[in-house]
Every structure is written in C-alpha cells, then in structure tokens.
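In: I'll drop the sequence and a predicted model, then ask my questions.
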Amino acid sequence: MEPQRLLFILSCLKLSGGQDMISVSRASVQRGQSIIIPCLYDQRYELSHKYLSSGYLAALSRYVEFSDQRYQHETVFISDDRSGHVFTVRLDDVQRSRLYWCGVQIPGALDPHARFYLEVTAGPPGLSVIGQHVSGSEQGSVSISCVYRGESAVRWCKLGGVCITAVSAVLDGASVEIRGGAGLVTVVMSGLRMENSGWYCCSTPELQMPVYISVEQRMENQNSTAGPHSRTLPLLLLCVVLETLLMLTIYCTHTLIRRCKHRLFRCDSPADDGQYVTMHSTHTQPAPLGSAAAEEDYETMAELNTHTQCRQKDDDDDDDVSSTETLPVL
C-alpha cells in the first residue's frame, strides 16, 4: 500500500473522532482582515484543552495555539465557552490560505477534531457577512446581511443543524425570512427565543460564513421578575416617611397643647396682663358751724400696679398702697 494512501486512511480513522466536533468546512477572508471560526464539541470534552493546528493531515498537523494560550500567538486567539460547548478561533491579520484543524487534546487517545479551509483573497471575499455577532431580544428580531459573489443561492443554516432554502420557514421555533437577490441576501429571524442563541452561517455550495446570534431576555420580563421587589422598596420608604411625619405631628401637637395649658394655668384672664388704676374718692358735707371738729375729707388712690406675671398667691392683693391726706379743720 502506498504511503500517501496509508496516511490518508490514518487521517480518516482519526477523523472518526470528528463526529464529536463540528465547524464550517470552508471560509473566505480578505488578506489582512480578521475572521472568527467556531468549533462545537461534545460536552464530554468540556474540561479538556482545545487547540488549533495546521496541516494537510490531522495526524501530521502542527499546533498553532491552545486554549490556554501557551504559545502566546500574536494573531491567533482561542476562547473556550464551556457552558455552550464551543470554542472559537480568532485569526487576525490573515495572510495565507491554509487548512486548519480544530481539536481537543485527549492524552493517550485519538483527538476529536474538525477540519476547515481558510481561503485568503486579495479583494473582497467570496462570501462575507456584515458583522459576525448580532444581538436581539426575546420575541424580537435580528437581521443578517450576507454579501456574496457568484450565481449560487445563499442558504441560512444552523451550525451542526438544518439549512433553509425557502423564502420563509421556521428554524428552532423562530420565523426565518430570506430577502434579496444577486450579491446581497438579508436573513431576518423574528419571534426569537432564548434557545435561538448560537452559531449560524450563511452558506453557498462552496463557502460558509459563521454568525453568532445572541438572544437576550426582554426588559419587560426582567422588570416583571424583579417587579415585586422593586415595588416593595418604594412602598416601604413611603411608610417610613409617613410614620415619621405622623410622629412629628403628634409631638408638635402635644407640645402646643402643653404650652397652652401652662399659660392658662398661670394666667386667670387676658385682662390681667395689662395695667390698671383704681381710684376711690369720698366727699363729706362740712361740719355744722359751731361743732367741735369737722369730719375729715379724704381721697384714696390705689397705686398703679404693673403685672408681668400672674401669681396664684392670695398675698398679692395686699400690694396696693393707699394714700390718705387729712385736711385740717377750719
């Protein structure tokens, strides 16, 4: 058996592990630009190291970079999303067309892997998208623009899943509509669900261009979920403010009543706060002519009293001073 044929068989045997990994088969990028290639793997390899290698045969390929960035490559970066069971390879400043392998390192066993060929063009690539990452909200929609050259029809595919060729269809519960014509196709996915998050691709018979769709939870759902808690806090603050105002009102009212009672207790009447003068005048008739003495005339004036405070003592009534003048007997 020829050595090349033997190597091909060995590569195919190792490729049997590729059933546990999925990627695009061929992508196109303009020289000097960047591209992201997703590699889906089985959940069994969640904790294993992932890598990118280059070469015509998987068994003889050369490591380019690992998910732990052990080679510290300047233009190749690998990011492992263990929860989504996919790692992505970002290639910056691409210069040459190459055959690459996405792989999972399994010590003492065959490495599962997936093969993709990266075509580098001097001009616009054969198939590209305007943005490899788009975001949408639950029950909302996203739009993906696929730009291509040639006469081949563009399909919309779920990476590792089915492809849609009709103008409108349903994919994983979301409505898909394909619009456009030669050179540009717009794919609109509406009625999105959370499970629609993942990797898709614009696809022609020759090329595939991956796109990641991120579906976020609707703000209304977030508000309704956190609504009871968000409404409880303002109500609690309102109750505290009202209770504080009520206590202040009761305190002020109580203080005012006490002061009024105290003033009423100290003062008998409002007239006591002023000044008053009491005068008494008594005149008697002259004594008959020839009497031994005439009856005295007198005039009594009460002293002017100024009251600054009302007293409860009975002795205060003795403060009045009487002045009596006795006229001599004629």
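Out: Ah, there it is.

In: how about the contacts made by T121?
Out: 28-31 (C-beta atoms under 8 Å, 6 or more residues apart in numbering). In this view, the C-beta of every residue, glycine as well, is placed from N, C-alpha and C.

In: just the buried residues of those residues.
Out: Among those, those classed as buried by 16 or more other C-beta atoms under 10 Å are 28-29.

In: now the contacts of T121 as a markdown table including pLDDT, secondary structure and distance to A58?
Out: Below are these laid out as a markdown table (pLDDT from 0 to 100; DSSP: H, G, I helix; E, B strand; the rest coil; distance: C-beta to C-beta, whole Å):
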| residue | pLDDT | secondary structure | distance to A58 |
| --- | --- | --- | --- |
| S28 | 96 | strand | 22 |
| V29 | 96 | strand | 22 |
| Q30 | 96 | strand | 27 |
| R31 | 97 | coil | 26 |
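
In: looking at the contacts of T121, spot the one nearest T186.
Out: Of all the contacts of T121, S28 has the smallest distance to T186: 19.3 Å, by C-beta to C-beta.

In: could you give the bridge partners of the closest one?
Out: E119 (DSSP bridges).

In: which ones are touching it?
Out: Neighbours of S28 in contact, by C-beta under 8 Å, 6+ apart: 118-121, 125-128, 207, 209.

In: hang on, the earlier thing: which of the contacts of T121 sits closest to L91?
Out: V29 (7.8 Å).

In: out of the contacts of T121, which comes closest to S61?
Out: Using C-beta to C-beta, those come closest to S61 at V29, 20.1 Å.

In: got the phi/psi numbers for the closest residue to that closest one other than its chain neighbours?
Out: Leaving aside its chain neighbours, V29 sits nearest to I35 (4.3 Å; criterion: C-beta to C-beta, 6 or more residues apart in numbering). Main-chain dihedrals, I35, degrees, to the nearest 10: phi -150, psi 150.

In: tally of neighbours for I35?
Out: Look at I35: counted by other C-beta atoms under 10 Å, it has 20 neighbours.

In: now do the same for it: its pLDDT.
Out: I35 carries a pLDDT value of 97.

In: quick check: it touching D93?
Out: No: I35 is not in contact with D93 according to C-beta atoms under 8 Å; the separation is 10.6 Å.

In: dihedrals phi and psi, Q105?
Out: Per degrees, to the nearest 10, the backbone of Q105 is at phi -80, psi 120.

In: returning to what we had before: would you write a ChimeraX line that selects the buried entries of the contacts of S28?
Out: The following ChimeraX line selects those of the contacts of S28 that are buried, judged by 16+ other C-beta under 10 Å:
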select :118,119,120,125,126,127,128,207,209
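
In: in strands, which of the contacts of S28 fall?
Out: 118-121, 127-128, 209 (DSSP state E).
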